[in-house]
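*Asks:* following is a predicted model, sequence given first.
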Amino acid sequence: MANESTVLEVVLSNVVKLPGVKVDRREFLAKSFSKHLSPDELAELIEKGSGQANIDKQILNKIAKKVISDRTMQSSSLSFATGIPGGLAMAATIPADTVQFFAMALRLSQELG
């Protein structure tokens, strides 16, 4: 059991180092909410976070659903693309697919947080 947790820790620590996994919070919030909030509301969201800012829950839910949909589509597309070679190449693509899955999951968790 300890070996499995060690492997998971190694995978996650390496996935976090990949480009595009770490989310720039300010940039993400500005890009995602700029069409839905006034500049003052957006500034409050960036400063206080979604839990403390007075942002309509419907807007938060709409953005969250879009982010989840986008990341699911992106992950599925990458997974499909890595599986195209098939055959013996599958041995090489499975680790790559696993890494991209964890990368997408970590990115999504940051965006939703």
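*Replies:* Received, thanks.
*Asks:* tell me how far Asp70 lies from Thr6.
*Replies:* Counting by C-beta to C-beta, to the nearest Å, the gap from Asp70 to Thr6 is 32 Å. In this view, the C-beta of every residue, glycine as well, is placed from N, C-alpha and C.
*Asks:* so this structure: which segments form each domain?
*Replies:* Per automatic domain parsing, the structural domains of the chain span 24-55, 57-113.
*Asks:* show me what counts as buried in the first one.
*Replies:* By neighbour count, and taking 16 or more other C-beta atoms under 10 Å as the criterion, the buried residues in domain 24-55 are 29, 32-33, 36-37, 41-42, 44-46, 50, 53, 55.
*Asks:* what about it, start to end distance?
*Replies:* Domain 24-55 has an end-to-end distance of 20 Å (criterion: C-alpha to C-alpha, to the nearest Å).
*Asks:* can you show me the helices along this protein?
*Replies:* Using DSSP state H, the helices found in the chain span residues 2-15, 25-33, 39-48, 57-83, 90-112.
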